[in-house]
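**Q** coords below, sequence missing:
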């Protein structure tokens, strides 16, 4: 049966016809192309590469960037709804699209030269190039400005050295946006972005093994050893830690929506199961404990939907702040974690099987809770916003 | 080729239905609407014919309230060139009334093919296509599962019980399309954006007199619970007797 979504507050009426059409199209695509394979991909620990051409043809990659670069030119609410629907399938698939669009195409679009935009964006939108984003390092996660990857200027270009970690799409990427310091290691103002084809000599990606979360996503370590790049590899308008953080704001915006999708998938599964599963001669949905669970889930999903919709309207109006994104990412991923766990519990023993989706979402969401600014870091960002005092 | 596809906006068949207070229609609260299933196949085959045979035009035509435009827009986002919205609220139950509105709209526009779904998924009458063909004096082939067009002539295949019938016909013609002919494509996101800029003309439907009305609509009775006749081979004679005498299925 096709996924019907969750819309307790008639939020559909707040969406435009195109926004609904985009959402319904991606929803149908996920039902048809992702749901039949995602359980096996997760168990086997592989990203389903075969879906990339379909995602590209649909227009999902960098969907909120302009048509002149081969993108769909959607508004940010429609873009958010795409992320929601992809993550209804799996957080790893949404992560793939987030990285490609918000962390690779967006910096090229916002900080690249016209030649870089023309060279890369249409090919990234078409899925002919796969991108990854190298910011985090083994010892610099929540504190990326401390990074020790360097880019030394030479007479004909740049030489990069360093190690990046937890890089989504790392092993399959054909192009990587690498952030490195062009000055002293204690000078975060010297952080610049570079477009690095992964075939460049000295560039190596290694799968990170043993993941218990985001198993249908490709996560890698990247080693840069004397990687020589031409002068025009640098993103000319990048400068300082603000540049990569502006990309993260884009990605976190999408995550805020994506978490709703994962939560809806779990709620929907729990609801169906509670009506069908009979115990003590009645459906478990007739018991108070499961009704409380379902009522809590529906309440949290509804609040998160309204939060994201207004955030999207602000983003489209150009007035959204990174702190508002922090609030949404923090709230929505946390509520999705809670819902996934409660849904898994409602499913009883069946809930530990890959045939059901809640436990997969539950495990995935632990990564989503941790990446793109941990839940705790977003608390501190909000704390700083509220008090004017940084606690980190 | 210039192809018209007549489509119908129907409630999504995966929704749960309730009957409205008037007892003759569906309660529209919470219903989602979409292109009728078979009409979706007709849209797809029209798009494919023009993709294979070079440039042409595909036009979707439908009757309904203003909300119908969203359904027409979906067809435009799949690649259809333009839409015609014939205003009618409510849409009459009488297919002949609808066929008259369509025939008067479509006449003289030079369509090579006019396609319909085999039946609408809500009323399930399957009459509007053949009736429109009659009014326009065009050849009509119904329930087509495969279609080829070459040199101004068409060949249609119809699935019959245990056999396939092949029918040839001249153009222009009216065809009704069965499922399985071509799976309707999903609109692309660029298609959705492009559809915003495609034209939809809107004018009152020239409906004919309405002679059929729905008197009553009711849900099937709740099914009674099952009954266990017995267990093991000993229960078989009693089961056979009940199936024969009570259920009357043997």
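**A** Nice, thanks for sending it over. Quick caveat, the model's predicted, so the values are computed rather than measured.
**Q** okay, CA-based contacts and neighbour counts for the rest of this
**A** Fine.
**Q** What parts of chain B come near chain A?
**A** By the rule C-alpha under 8 Å from any C-alpha of the partner chain, the part of chain B lying against chain A is B:14, B:70, B:74, B:186-190, B:192-193, B:196.
**Q** If we use 7 Å, what do you get?
**A** Residues of chain B lying near chain A by C-alpha under 7 Å from any C-alpha of the partner chain: B:70, B:186-190, B:192.
**Q** Let me have these in JSON lines, extended by pLDDT.
**A** Shown next, in JSON lines, are the residues of chain B next to chain A (pLDDT from 0 to 100):
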{"residue": "B:70", "pLDDT": "94"}
{"residue": "B:186", "pLDDT": "94"}
{"residue": "B:187", "pLDDT": "94"}
{"residue": "B:188", "pLDDT": "93"}
{"residue": "B:189", "pLDDT": "95"}
{"residue": "B:190", "pLDDT": "93"}
{"residue": "B:192", "pLDDT": "95"}
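**Q** Tabulate those in a markdown table, adding columns for distance to residue A:333.
**A** Putting the residues of chain B next to chain A into a markdown table (distance: C-alpha to C-alpha, whole Å) gives the following:
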| residue | distance to residue A:333 |
| --- | --- |
| B:70 | 33 |
| B:186 | 30 |
| B:187 | 30 |
| B:188 | 29 |
| B:189 | 26 |
| B:190 | 29 |
| B:192 | 29 |
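**Q** So which of those residues are in helices?
**A** Among the residues of chain B next to chain A, DSSP state H puts B:70, B:189-190, B:192 in helices.
**Q** Which two among the residues you listed are spaced furthest apart?
**A** Greatest spacing in these, by C-alpha to C-alpha: B:70 and B:190 (16.4 Å).
**Q** out of the two, which sits in the more crowded spot?
**A** Set side by side, residue B:70 and residue B:190 show more neighbours around residue B:190, with 22 against 18, by other C-alpha atoms under 10 Å in any protein chain shown.
**Q** give the contact list for the more buried one.
**A** A:59, A:72 (C-alpha atoms under 7 Å, 6 or more residues apart in numbering or on different chains).
**Q** so residue A:165 sits right up against residue A:222, yeah?
**A** Yes: here residue A:165 reaches residue A:222: they are 6.3 Å apart, a contact under C-alpha atoms under 7 Å.
**Q** residue contacts, the residue in the stretch 101-250 of chain A positioned nearest to chain B?
**A** Nearest residue of the stretch 101-250 of chain A to chain B (C-alpha to the nearest C-alpha) works out as residue A:125 at 11.7 Å. If a contact means C-alpha under 7 Å, 6+ apart, then residue A:125 has A:56, A:61-62, A:70-71 as its contacts.
**Q** which of those lies closest to chain B?
**A** residue A:71 (7.7 Å).
**Q** isn't the closest one right up against residue A:65?
**A** Yes: using C-alpha under 7 Å, residue A:71 is in contact with residue A:65, at 5.6 Å.
**Q** now residue B:57, which residues is it bridged with?
**A** Beta bridges link residue B:57 to residue B:2 when assigned by DSSP bridges.
**Q** What count of nearby residues applies to it?
**A** The local packing of residue B:57 (other C-alpha under 10 Å) involves 16 other residues.
**Q** Over to the one 4 residues further on?
**A** If you count neighbours by other C-alpha under 10 Å, residue B:61 ends up with 23.
**Q** shouldn't it be in contact with residue B:82?
**A** No: if you go by C-alpha under 7 Å, residue B:61 and residue B:82 don't touch, sitting 8.9 Å apart.
**Q** Does chain B have contacts with the helix or strand hosting residue A:274?
**A** Assignment of secondary structure by DSSP states H and E places residue A:274 within helix A:242-276. No: Helix A:242-276 does not reach chain B (C-alpha under 7 Å from any C-alpha); its nearest approach is 14.2 Å.
**Q** Which neighbouring elements make contact with that helix?
**A** With contacts defined as 3 or more C-alpha pairs under 7 Å, 6 or more residues apart in numbering or on different chains; DSSP states H and E, helix A:242-276 has these neighbours: helix A:76-89, strand A:282-283, helix A:288-317, helix A:322-346.
**Q** any idea how far residue A:165 is from the residue of the stretch 151-300 of chain A found nearest chain B?
**A** Across the stretch 151-300 of chain A, no residue is closer to chain B than residue A:272, which sits at 14.2 Å (C-alpha to the nearest C-alpha). Plainly put, residue A:272 is 39 Å away from residue A:165 if you go by C-alpha to C-alpha, to the nearest Å.
**Q** ditto for residue B:111
**A** For residue B:111, the distance to residue A:165 equals 61 Å [C-alpha to C-alpha].
**Q** Look at the two and report which has more neighbours.
**A** Taking neighbours as other C-alpha under 10 Å, residue B:111 and residue A:165 compare with residue A:165 leading, 23 against 19.
**Q** For the residue lying closest to that one once chain neighbours are set aside, give me its contacts.
**A** Distances taken as C-alpha to C-alpha, 6 or more residues apart in numbering or on different chains put residue A:221 closest to residue A:165, at 4.4 Å, once the chain neighbours are dropped. Neighbouring residues of residue A:221 by C-alpha under 7 Å, 6+ apart: A:164-167, A:205-208.
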